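*Asks:* Sequence and predicted structure below; questions after.
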Amino acid sequence: MKLIDQQIKQFAHIHWADNEAVRALKEAGITGGKPLSLLGHIAAAEKVWLGRINGSEGAPYPVWPEIGLAECERLLAENKQGYDDLLGRLTDERLTETIEYRTSMGTEFRTSVIDILTHVFLHGSYHRGQIAMLLRNEGADPLITDYILFVR
């Protein structure tokens, strides 16, 4: 399997898992608090990293935005389209290219595209795990977004 094909598969998982998170929050009646904050952070981080890869960071986007569930859904859908477009343009060779960017604190870094995409994949998984724990602690059905569940 080519590297780009694996990335496409992983981002299909991200989009599925993000939608599962939205569904779980809706079913639990979550309209605020830490679970929604975490989902907003996932959506914002996806947006920020996409902008960095595309070289169009533009105005800084808050990585911990205070947004509602409907806005999270909108942003996640926008991110899906953006990553689908990006992955459609990338090749295995371009995945190894290094990009320059600034963090939200203004620090400059250089990182390969594939390392950034891997970070986006793992970052979302980490925070969706936190959402699952918070839902379980509230007595709601936990969010289950394991990669293996997606590929079965």
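*Replies:* Received, thanks.

*Asks:* need the strands for this protein, in chain order.
*Replies:* Using DSSP state E, the strands assigned to the chain run over residues 98-102, 108-112.

*Asks:* Could you report the pLDDT at the closest residue to residue 79 other than its chain neighbours?
*Replies:* On the basis of C-beta to C-beta, 6 or more residues apart in numbering, the spatially nearest residue to residue 79 that is not a chain neighbour turns out to be residue 46, at 4.3 Å. Heads up, the C-betas are built off the backbone N, CA and C, glycines and all. Listed pLDDT for residue 46 reads 97.

*Asks:* try residue 59
*Replies:* With respect to pLDDT, residue 59 has a value of 59.

*Asks:* can I assume residue 26 is in contact with residue 69?
*Replies:* Yes. The pair residue 26 / residue 69 is scored as a contact, 6.9 Å apart, by C-beta atoms under 8 Å.

*Asks:* show me where pLDDT drops low in this protein?
*Replies:* Under the criterion pLDDT under 70, the flagged ranges of the chain are 57-60.

*Asks:* Between residue 26 and residue 69, point out the one with more neighbours.
*Replies:* When residue 26 is set against residue 69 and neighbours are counted by other C-beta atoms under 10 Å, the residue ahead is residue 69, at 17 against 12.

*Asks:* how about the more buried one, what does it touch?
*Replies:* Applying C-beta atoms under 8 Å, 6 or more residues apart in numbering, we find residue 69 in contact with 22, 25, 26, 30, 31, 36, 39.

*Asks:* Next one: it relative to residue 33, how far apart?
*Replies:* Separation of residue 69 from residue 33 (C-beta to C-beta, to the nearest Å): 11 Å.

*Asks:* Ok, residue 52 next?
*Replies:* To residue 33, residue 52 is 29 Å away according to C-beta to C-beta.

*Asks:* Name the residue in these two with the higher neighbour count.
*Replies:* Between residue 52 and residue 33, counted using other C-beta under 10 Å, the more crowded position is residue 52 (19 against 11).

*Asks:* With that, I have no additional questions.
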